[in-house]
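Student: Got a sequence here, can you model it:
(one chain, ligands or ions: 1)
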Amino acid sequence: MTTLNIYEDSKPDVAVVSTSDPAEIGERLSAVGVQFERWKAEVELPENATQEQVIAAYKAEVDRLSAAAGYQTVDVIRITPDNPNKDALRAKFLDEHIHDEDEVRFFVEGSGAFYLHLDDKVYQVVCTRDDLLSVPAGTLHWFDMGPEPRFTCIRLFVTPDGWVAKFTGDKISASIPRFGEQAAA
Ligand SMILES: [Fe+2]
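Tutor: Presented below is the predicted three-dimensional model:
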């Protein structure tokens, strides 16, 4: 289920806002300049669909977004719990960082959590199937795929080479509840 939890960065033990209403999530994110949409596939995708099949299923939305924001390339990433590198993959973007370009992800299946550090708040957006989230360039954020990662995402880039994480060194991500560990408790 798609959820938004908002924490105060100085008091991260309890969320000040918690909602699973997609309309409210979209409104609250839009209010802070973050794009959130829900897309429906035009065709039902087969299990283990190829990258080409996934992109074709969402072609209209991908083309619309690319034209509006100048994205040049598109790919598909799939991670499952049997990945032998899952711990390293999870750790890679688990500390606060920024990119010089937007981080744009559409969830075809599975889930993952984005954390956006905006002023004195942290927005945890748990994305699930049909969710599009665009983290604007320069936004402090991190991503948690959880201890048992399972997701397929379409990624849109202006220049894949430019999509490099610059870490802030701030350890705030360790103080906000991790994804997949709250629910398991
Ligand atoms: Fe990132």
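Student: ok, so what distance separates the residue nearest the centre of the chain from Val43?
Tutor: The centroid of the chain falls nearest to Phe114 when counting by Cα atoms, centre = their mean (4.6 Å). Going from Phe114 to Val43 by Cβ to Cβ, to the nearest Å gives 27 Å. C-beta coordinates here come from the backbone N, C-alpha and C atoms, glycine included.
Student: what helices or strands is the longest helix belonging to the chain leaning on?
Tutor: Longest helix in the chain by number of residues (criterion: DSSP state H): helix 59-69. Helix 59-69 sits against strand 103-118, strand 131-135, strand 150-157, with contacts defined as 3 or more Cβ pairs under 8 Å, 6 or more residues apart in numbering; DSSP states H and E.
Student: Would you mind getting the angle between that helix and strand 131-135?
Tutor: Orientation of helix 59-69 against strand 131-135 (axes from the mean of the first three to the mean of the last three Cα atoms, to 10 degrees) gives an angle of 20 degrees.
Student: you'd agree the residue nearest to the centre of the chain is up against Met145?
Tutor: No - Phe114 lies out of contact with Met145 (Cβ atoms under 8 Å); the separation is 10.4 Å.
Student: circling back: with respect to Phe36, which of the helices and strands packed on helix 59-69 lies nearest?
Tutor: strand 131-135 (5.6 Å; Cβ to Cβ).
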